[in-house]
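Participant: please work out how this folds:
(3 chains)
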Amino acid sequence: MILPRFEYTAASTPEEAISVIATHEGKAEIMAGGTDIMVNMKRRVVHPDLVVSIHKLDQLRGFDQRSKDQFRIGVLNTMHDIAASGKVTNHFPALGTAAGGMGSPQIRNRATIGGNLVSSRPAADTIGPLIGYGAQVRLQGLKDDRLVPMENFCTGPGECVLFDNEIMTDILLDLPRPNTHGVYLKFGTRETMEISIVSVTTILTLDDNGVCQEARIVLGAVAPTFVRAPETERLLQGKRLSEELASQAGELAQQSCNPITDTRASAEYRRMLVSALTRKSILQIISLK
Amino acid sequence: MATQATPHPYAVIGKRHIRKDVPEKATGSAKYTADIAFPDMLEGAVLCSPVAHARILNIDTSQAKQLPGVKAVITANDTGDILWGHSPARYDETTLAVNKVRHVGDQIAAVAAIDEQTAKEALELIKVDYEELPAVFDPIDALAKGAPVIHDRYPDNITIQVHNHFGDVDKAFAKAHHIRTDRFVNSKTDGAMMEPQACVAKPDLSGRLTLWTSTQVSHYVQRTLAIALKMPVDHIRVIAPNVGGGFGPKASTHPYEPITCFLAKMTRRPVRLVLDREQVFWHNRARHKYVHEMKTGVDREGYLLALDHLSVLDGGAYSSFGVITTYYNGSLLTGPYRLPNMKYDGFRVYTNKPASGSLRGHGGITNRACFEAQLDMIAQDLNMDPVELRLKNKMGSNDVTCCGYYTGNLSVGECLEAARDKSKWAEKKGKLPLGKGIGVGTGFFVSGAGACVYRSEVPHSTVMLHVADDGSQVTAYSGSNELGQGSDTVIAMIAAEVLGLTVDDIQVVSGDTGRCPVDLGAYSSRQTLMTGHATKKAAEAVRTQILEAIADLFQMPVDAFTLRDGKVLGTERNPEKLKLIRDKYRREHRAFADVPKEGPLTFQEVNRYLYNQSGQVIGKGTYSPGEIQEFKDWKGSAVGSSPAYSTQTCIAEVTVDLDTGKLTVDKVTLAHDCGFALNRTAVEGQMEGSMCHGLSETLFEQMLFDDKGHLINRTLGDYKIATALDVPELDAIIIEANEPAGPFGAKEVGEGCIIPILPAIINAINDACGAVIMDLPVTSEKILMALKAKEDAKTDRFITEIPPNALKLLDIAREISQKWEQNFKK
Amino acid sequence: MKIVINLKINGTDHELLVKPNETLVQALRGAQLNLTGTKQACELGDCGACTVLMNGRAVNSCLVLAAQADGAEIETVEGLAVEGQLSPIQDAFMEGGAIQCGFCSPGMMMSAKALLDETPSPTRDQIRHGIAGNLCRCTGYYKIVNAIETAAHHCSSKEGKN
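Facilitator: I've put the predicted structure just below:
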């Protein structure tokens, strides 16, 4: 399978990248790690005239704690970088799990978190945890930049609010409150290289008595975009975690999803998985305490 | 997991050897077909049909021909309408589509150009006018009245129907204590070998062609090309370089091979054509999709009385190996249990999908899975242990199946007991908590097909051994095909054993029709037994020449001498004779260094002596299956006959997550009777790989088509095979029954071990949670839904039903069989 | 328009002329370098047959543009042996029966190298995870995992001696 013909340039600054893609009016594509766009080009899903590589933009790499409460993740961090970062996995364990379970080692060494988010797939692994942790993404355009909550970033399968003349530069997260536990569960067929049939991100902040102060539950691959499970979150709020509560939460979570039947699973089965995984994620948090 | 060797007297075989082909593979210097390049080589590409069934009204190649860099564009106008295929009675393929296409992916036109990009861009410029025809993707639609006809020669869309009836099943059922009827379906699967098919064709100035191709069967490809290209056979040389896996789909000629040859002939330049992964899927030639209905009767004690087996195969667009598959589908159930009465009615139906052919375990997989799952349910019904039920019914050695297959030394009981004991079956069966299960399955497979494609007494293998004039090396020439299964090393080991040499002393040239005598190739697990025999005979012929010459020289009987450790033992008894020979040898050529001063003559010395007497020492050995157990009424069961059979037992231990249906195969115990393990490491490797292939097929593999016949999952990401994280812990036990029909007692290992893992997993799930999944692949959704249905029905066991279309298909097949039987009785 | 790239391959500097849409695996296997040891099996990053190390990390070279490899250090299977001396990984694969058809082997060995470079004494579970992106249809992975374990012991015992 060969790539279509295109021209190539490697941008030296984010501004250069933005300027080039703006000039090409939708006929240029940004390439970071390439694991997504190379496949799309080989399968003729996209055919740009120009590929603009941003792999030289070191300012889009790295993690740092911006302030006492805020953490920044550069978009060019690979899945490996994220899963291997003690800082990230310590503060945001669900994100670490998601990044570490995506694809294969080879894919994780190239796939960037920015690419994963921009793909906006309902099964993209890092979207659920970032929504769960309340992340915002910075989008830089020709003249200015804007912050978009991750929850509002994706608008449909493969679609997002990123304009043709913008690039994503950073992901900003507030550090979770103490006693916050995050779990990411992904269900597939094989043990690796799987696109989720269903994913569940559960992030619970507990008090010293094990009572849930805040719950954020994000469901993946069961709707056109990632969705929260608000009724389930409300159920958990203010209650002490227990096996029974976990089961009730699982049952209720099914109401928040709108899955399809496709070649990988039926809608009915996906609902059952939402229930099972939500329950399991809460049980896992109970066992962590 | 390293297996323990049983004591044996051999110096070379029965041990572990690094395979001959492995060092080059370890350094990356091993050449596969796509690695071959010539300075003036062109790249080929093939236009494949985007529609499932259509008449071709017109092909306009003019624009493609004008693209700079394009050197040839061909259609059926150039390649003709000669029919070829695998079974001569069912030749139904042409090199390029003649007038119609029969599946998405069918080959329409081809291009040779200066590089791959140009060739593929040229394809986009070829304009094809189609008249789309109604297409059928399910055998039920292909058999319906008024169904579109896929091949004019077969207006009912039936490739073949097989009716093999042995004994009297009706009488037997009348006496049965317990009868079960069960049904089973699987999914069409792909070979998914790592190396896509690839060809390089190179013409010489006289017009002769050499084709390098990733094949399992250099010989059959050569023969088929002669037909397709209308050339004399020996004007075509087929060479198999290193081959990155075959597993069956590469066991017959594929259209890309003659296409590449035509492009090379037309351009008079070398042409390379490498399939991309999608084309590998479209070519397919792997596991059929089957429907099985089995009615089995046992007596009060659980002895098998009769099996009535009705089956329909979804063949896809061409016959490929499918005739043979349809026969194996019946005959391979006649062992390894005593089955006195068997009725088999099998049908293979054409549909507008990529053609199915032979895939590892060919015709012995899904029938076995159904039968073994049914046996477990019979055991449950009779409150018997499933291993005990199988032990009761096992065939022994020197036994005969109901259709005349002779079992030779067959270790069914030993395999069952070894697996049972190693897995601690007795401690686990019936004692595991809900959600954990243990299940058993056995297998039975041929060691080479007793009959081949040629309707004659043609030898199935010929091997030639050629000793270097200074005796420093022996080269074995064999038309057999090394696919990575280790056949070259088996040849070297057998020759070394007979000649008292080491594996390093033997070089092997194989898979090259221009250099090697004919061998039918790597399919039906034939090479260890058949090529092995031919090698042994060739080595014995060399040994005889050596020993007779030495006996004559020393004026002693032949049996006074032995070849061992690179020497001719016995020659040391006459030191004067030795000195004469050695002095002459030393004087002859100063480059013969390291001449021993004492001790027996070396292999090198004696061969130099022979060379001086009468030229090169050359030995030839041939093998034919010969007379297989006579049986009065073959009834078509010649397909399934074999010089020897392997058997194996697999025990799987699983965990079922009762919330999600997710299945984990925790542990597998596998016992395989390979007769004698010639290369222990290679036998283990084949057992491990074959079992995992079967596990992968059970859990993950299915080809999914949309309603227009497009393959939905046509990448290795969407068509899933087992990864390193999916394979269970494994205890492998090699059972050596010592098969008299095999060289040094050896028989097959590559295919048998894929068979029993499927039913072992199905039976283990049944044991774990009462869900009997008779529909492959076993998915977590199927398990969870079965659990839900079981709960709703409030039963201990829930057996999945086959889809309604499959049921209807069986009804139609039954009707046709009954009509056939009525006519036959008349 | 072709692009000039400079990269180090198996320790040797190379200047190559590549097309913009040329992948790294195509550049390696093509006429300028003839490093055909790295294979293409799926072309979409699903199988790992084309695995090479890029700046020390295992990548699917079918998904890397040659142009993006400008300035990079690439290691392929041809670079495993040093001056004719096979590496412990190659020895272990050969002796342990971890190579059957051999088509997955170059990529598999490179993944093994990446793993052992980062984790010199991996557990069997870590080994399986390290090769999780390399498909093999022949072996069932058992002897591959054993070989990598053997190679790890060999490397660590050598270091111990030093």
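Participant: now the most centrally placed residue in chain C: phi and psi?
Facilitator: The centre of chain C sits closest to residue C:110, judged by C-alpha atoms, centre = their mean, with a distance of 2.4 Å. Phi and psi for residue C:110, reported as degrees, to the nearest 10, are phi -70, psi -40.
Participant: can you tell me the closest non-neighbouring residue to the residue of chain B found nearest chain C?
Facilitator: For chain B, the residue closest to chain C is residue B:28, as judged by C-beta to the nearest C-beta, at 2.3 Å. (C-beta placed from N, C-alpha, C; glycine too.) Of all residues beyond its chain neighbours, the one nearest residue B:28 is residue C:37 (2.3 Å), with distances taken as C-beta to C-beta, 6 or more residues apart in numbering or on different chains.
Participant: before we move on, the earlier item: measure the residue nearest to the centre of chain C to chain A for me?
Facilitator: From residue C:110 across to chain A, the span is 9 Å (C-beta to the nearest C-beta, to the nearest Å).
Participant: and what of residue B:693?
Facilitator: With the distance defined as C-beta to the nearest C-beta, residue B:693 ends up 15 Å from chain A.
Participant: against which helices or strands is the host helix or strand of that residue packed?
Facilitator: In the assignment (DSSP states H and E), residue B:693 maps to helix B:680-699. Counting contacts by 3 or more C-beta pairs under 8 Å, 6 or more residues apart in numbering or on different chains; DSSP states H and E, helix B:680-699 is packed against strand B:663-673, strand B:729-735, helix B:757-769, helix C:142-161.
Participant: if we use 6 Å, what do you get?
Facilitator: Judged by 3 or more C-beta pairs under 6 Å, 6 or more residues apart in numbering or on different chains; DSSP states H and E, helix B:680-699 is in contact with strand B:663-673, strand B:729-735, helix B:757-769.
Participant: coming back round to it: my read is that the residue of chain B closest to chain C contacts residue C:106, right?
Facilitator: Yes. Using C-beta atoms under 6 Å, residue B:28 is in contact with residue C:106, at 5.0 Å.
Participant: for these two, indicate the residue with more neighbours.
Facilitator: Neighbour comparison, residue B:28 and residue C:106: the larger count goes to residue C:106, with 30 against 24 (by other C-beta atoms under 10 Å in any protein chain shown).
Participant: and the more buried one, which helix or strand is it part of?
Facilitator: helix C:105-118.
Participant: list the residues that contact residue B:372.
Facilitator: Residues near residue B:372 by C-beta atoms under 6 Å, 6 or more residues apart in numbering or on different chains: B:441, B:759.
Participant: quick one: it and chain A, what's the gap?
Facilitator: The gap separating residue B:372 from chain A is 24 Å, by C-beta to the nearest C-beta.
Participant: pretty sure that residue sits in a helix.
Facilitator: Yes. The assignment for residue B:372 (DSSP: H, G, I helix; E, B strand; the rest coil) places it in a helix.
Participant: re earlier: redo the helices and strands packed on helix B:680-699 as a markdown table? Include mean neighbour count and mean pLDDT.
Facilitator: Formatted as a markdown table, the helices and strands packed on helix B:680-699 follow (neighbours: other C-beta atoms under 10 Å in any protein chain shown; pLDDT from 0 to 100):
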| stretch | mean neighbour count | mean pLDDT |
| --- | --- | --- |
| strand B:663-673 | 24 | 98 |
| strand B:729-735 | 20 | 97 |
| helix B:757-769 | 28 | 98 |
